[in-house]
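In: 3D, please:
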Amino acid sequence: IARLSPQALIILSKYRVWQQVNIQGTTTTSGRTAGDWEGQVTRFLKAKMGIEEGYYGIRINHSFKELDSTGMVRLEGHKLKLSAIGLEIHQMLE
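Out: You can find the predicted model right below:
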């Protein structure tokens, strides 16, 4: 938890909202996913939460990249899911 920014923790706490996103147009090679999944989930979350300010979108997108780099999220098919540790932290935040 100490390695995560406050913004990433907020994004983790909103998992029930963004878990509904259906990611399209990505490819997975050797366990690494390529494509614009961060942008897709950012646009989805902004729409669901009624966020219009562009600056917030940049910060949300960065937070998803942070969650990915720390192993908190993973893409499974068309769904973005929390890893075991991401789920554990999410449950503490609820």
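In: Following the chain onward from the helix or strand containing Gly57, which element is next?
Out: Assigned by DSSP states H and E, Gly57 belongs to helix 54-69. Using DSSP H and E, the helix or strand that follows helix 54-69 towards the C-terminus is strand 73-76.
In: Other residues contacting that following strand?
Out: 23, 26, 28, 33, 37, 64, 67-68, 80-83, 86 (C-beta atoms under 8 Å, 6 or more residues apart in numbering). Using the backbone N, CA and C atoms, a C-beta is placed for each residue, glycine as well.
In: export these to JSON lines and tack on secondary structure?
Out: What follows is the contacts of strand 73-76, written out as JSON lines (DSSP: H, G, I helix; E, B strand; the rest coil):
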{"residue": "Ile23", "secondary structure": "coil"}
{"residue": "Thr26", "secondary structure": "coil"}
{"residue": "Thr28", "secondary structure": "strand"}
{"residue": "Thr33", "secondary structure": "strand"}
{"residue": "Trp37", "secondary structure": "helix"}
{"residue": "Phe64", "secondary structure": "helix"}
{"residue": "Leu67", "secondary structure": "helix"}
{"residue": "Asp68", "secondary structure": "helix"}
{"residue": "Leu80", "secondary structure": "strand"}
{"residue": "Lys81", "secondary structure": "strand"}
{"residue": "Leu82", "secondary structure": "strand"}
{"residue": "Ser83", "secondary structure": "coil"}
{"residue": "Gly86", "secondary structure": "helix"}
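In: For the spatially most central residue of the chain, report the pLDDT, please.
Out: Centroid-nearest residue in the chain, with C-alpha atoms, centre = their mean: Phe64, separated by 4.1 Å. Phe64 carries a pLDDT value of 95.
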